[in-house]
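**Student:** Structure here, sequence nowhere to be found:
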């Protein structure tokens with residue numbers, strides 16, 4: 001298991017590049033992208049948008065081929081001027097190129113990579129192979145540029161800007177993450193351990209590859225996940241895949257994000273919702289579960305840095321980061 005690899009803390013004026021690591025920019029989304037760029041600038045960074053973020057750059061459901069995505073990411077990883085990489089959106093393509101990423105470049109100059117959804121597969125894969133602290137965090141176009149404006153007011157937007165800025169620029173433990181929604185206790189208890197997780201179906205997809213986390217990496221971990229557009233029986237299946245692989249016997253706690261279009265099972269008077277299937281698969285395991293935490297596809301995402309130790313208190317419905325996500329440069 002590789003040691004934890006923290007990126008260098010960002011500084012005011014550092015160059016952040018918004019790029020297309022998976023899906024393309026759809027026609028008409030340019031205003032959302034521009035607004036997302038302005039949010040990053042509000043955090044104090046210089047921002048450059050990659051040529052891959054262009055409605056004219058498409059290949060099937062993606063912004064390019066796997067080789068093109070890897071070439072773009074590797075160039076950013078090798079460029080000393082680039083201090084962070086932000087995905088403009090998620091998509092369906094990151095499984096195509098983890099084997100093409102320059103892992104030595106990651107190790108030589110670790111940088112924050114921000115994104116969620118399909119991008120979480122990159123976070124999990126790179127953390128498993130290099131120890132890189134990946135940032136399960138909002139994306140530029142549909143996160144910073146859309147959700148931060150359509151789902152929150154200016155006060156919360158300002159608080160999110162402050163939170164992201166602190167997490168990315170200060171080599172200090174950020175402490176308790178702010179709860180904006182009604183977080184729920186699905187199983188009481190407390191746990192401390194390193195964060196690991198992302199989009200659940202991408203976690204399952206990764207299990208069949210050489211980039212899957214080792215069992216030791218998940219010992220005592222706080223596993224976080226979210227899901228969208230899936231019936232609960234599919235989630236039940238995926239959680240059982242984690243059970244069969246031994247993951248659920250190793251973790252110390254679980255954090256579930258805000259589900260998006262996750263349909264409960266209803267038939268002949270029987271009903272099972274997301275909480276029911278989670279607790280069913282966990283069985284008698286002593287694993288506290290905190291749910292509906294502010295991350296996922298229908299909420300502005302709190303930044304969750306993989307590998308950083310967290311304190312999960314399901315009794316009091318809090319989640320705190322106990323260590324810095326970045327290192328002094």
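**Tutor:** Nice, thanks for sending it over. Worth saying up front: this structure is predicted, and the values here are computed from it rather than measured.
**Student:** alpha carbons only for contacts and neighbour counts from here, please
**Tutor:** Noted.
**Student:** Count the residues that sit near residue 108.
**Tutor:** Residues within reach of residue 108, counting by other Cα atoms under 10 Å, total 10.
**Student:** Hmm, I typed the wrong one, I wanted residue 284.
**Tutor:** Counted with other Cα under 10 Å, the neighbours of residue 284 add up to 8.
**Student:** average pLDDT across stretch 221-231?
**Tutor:** For stretch 221-231, mean pLDDT rounds to 97.
**Student:** From the chain's centroid, how far away is it?
**Tutor:** Distance, stretch centre to chain centre, for stretch 221-231: 11 Å (Cα atoms, centre = their mean, to the nearest Å).
**Student:** Tell me who's in contact with residue 226.
**Tutor:** For residue 226, the contact set (Cα atoms under 8 Å, 6 or more residues apart in numbering) comprises 198, 199, 200, 256, 257, 258, 259, 295, 296.
**Student:** Let me have the residues you listed in CSV, extended by distance to residue 30.
**Tutor:** Listed next are the contacts of residue 226 as CSV, based on distance: Cα to Cα, whole Å:
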residue, distance to residue 30
198, 27
199, 26
200, 29
256, 32
257, 28
258, 27
259, 27
295, 24
296, 23
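**Student:** Take those and keep only those in helices.
**Tutor:** residue 200 (DSSP state H).
**Student:** Most neighbours among the contacts of residue 226, which one?
**Tutor:** residue 198 leads those on contacts (other Cα under 10 Å) with 32 neighbours.
**Student:** Wait, it touches residue 116, no?
**Tutor:** Yes - contact criterion Cα atoms under 8 Å: residue 198 and residue 116 qualify, at 7.0 Å.
**Student:** Common neighbours of these two, please.
**Tutor:** residue 136.
**Student:** mind listing what residue 41 touches?
**Tutor:** residue 47.
**Student:** Please tell me how far it sits from residue 110.
**Tutor:** 21 Å (Cα to Cα, to the nearest Å).
**Student:** what's the answer for residue 122, then?
**Tutor:** On the measure of Cα to Cα, residue 122 and residue 110 end up 14 Å apart.
**Student:** Equivalent analysis for residue 312, please.
**Tutor:** 27 Å.
**Student:** Ok, residue 322 next?
**Tutor:** Taken as Cα to Cα, the span from residue 322 to residue 110 is 21 Å.
**Student:** Between the two, which has more neighbouring residues?
**Tutor:** More neighbours surround residue 110 than the other of residue 322 and residue 110, with 24 against 18 (other Cα under 10 Å).
**Student:** mind checking the SS state of that one?
**Tutor:** coil (DSSP: H, G, I helix; E, B strand; the rest coil).
**Student:** Chain neighbours aside, what residue packs nearest to it?
**Tutor:** Closest residue in space to residue 110, ignoring its immediate chain neighbours: residue 7 at 4.6 Å, by Cα to Cα, 6 or more residues apart in numbering.
**Student:** cool, residue 219 as well?
**Tutor:** Closest to residue 219 by Cα to Cα, 6+ apart is residue 250, at 4.8 Å.
**Student:** now do residue 81
**Tutor:** residue 15 is the one closest to residue 81 (Cα to Cα, 6+ apart), at 6.5 Å.
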